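1. Need coordinates for the following:
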Amino acid sequence: MIILGIDPGSRMTGYGLILNQGNRMQYIASGFIKVKGDEFPQKLGFIFNQLSQLIEQHQPRQMSIESVFMHKNADSALKLGQARGAAICAGHHAGLEVFEYAPREIKQTIVGKGGAQKEQVQHMVKHLLSLRNELQNDEADALAIAICHAQHQAMQNKTGIPARAFTRRRGSRR
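-> As a prediction, this is how the structure comes out:
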């Protein structure tokens, strides 16, 4: 199954696609969408359209995205939430199952520490997917989100407990 990971942003939205085959993950593609538009509604439409094209091209079945977290700046948090909403709408519109994970949960899954640094996450993403090329921050984060979901799916397959229920039982914060 192909999983699309999304690192939403109002200026740059990262994406990462992996093929999840049980206990094996394979890199498909990654990159970032440099958001264009003069007005904010145009930018949100651009995110929606670009992700819709990406979904049509690669045909993922599931999408994973970072859940909302509070920024120091309320205006930035609102814009991020709206960019996230445009991405979720693109996934939903294409009929994808959409899953969300908290930033700490993603870092915990990828690195083993919820407070891991970006460089540590990037290093582990490259290691887990056997990549040699450098990754831009937004695409590395998007791949990490996709890998996090693949790991949760693997746990669900082993335990029979749905992925989201399993994370709640472990006591992750939402």
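
2. Tally up the residues packed near H92, please.
-> 12 (other C-beta atoms under 10 Å). Where you see a C-beta, it was placed from the backbone N, CA and C, and this is true even at glycine.

3. Isn't it up against V98?
-> Yes: when contacts are counted by C-beta atoms under 8 Å, H92 is listed as touching V98 (6.2 Å).

4. Would you mind finding the longest helix in the protein?
-> helix 137-159 (DSSP state H).

5. and that one, what does it pack onto?
-> The helices and strands touching helix 137-159, judged by 3 or more C-beta pairs under 8 Å, 6 or more residues apart in numbering; DSSP states H and E, are strand 2-7, strand 12-21, strand 24-34, strand 62-66, strand 97-101, helix 103-111, helix 118-128, helix 163-169.

6. which SS class is the residue in the chain sticking out farthest from the centre?
-> Distance from the C-alpha centroid of the chain, by C-alpha atoms, centre = their mean, peaks at D38 (25.8 Å). Classification of D38 using DSSP: H, G, I helix; E, B strand; the rest coil returns coil.

7. Just checking, which helix or strand of this structure averages the lowest pLDDT?
-> Least confident helix or strand of the chain, by mean pLDDT, DSSP states H and E, is helix 163-169 with a mean of 44.

8. low-confidence ranges in the chain?
-> Counting by pLDDT under 70, the chain contains low-confidence ranges at 69-71, 161-174.

9. switch the cut-off to 90
-> Regions of the chain meeting the criterion pLDDT under 90 cover residues 9-10, 21-24, 37-38, 66-81, 112-119, 152-174.

10. which of the residues in the longest helix of the chain are buried?
-> Neighbour-count burial for helix 137-159, with 16 or more other C-beta atoms under 10 Å as criterion, is recorded at 138-155.

11. go on, stretch 73-89?
-> Taking 16+ other C-beta under 10 Å as the basis for neighbour counts, the residues of stretch 73-89 that come out buried are K79, L80, Q82, A83, R84, A86, A87, I88, C89.

12. isn't M25 right up against L128?
-> Yes: here M25 lies in contact with L128, judged by C-beta under 8 Å, at a distance of 6.6 Å.

13. Neighbour count: those two, which is higher?
-> Relative neighbour count places M25 above the other of M25 and L128, with 20 against 17, counting by other C-beta under 10 Å.
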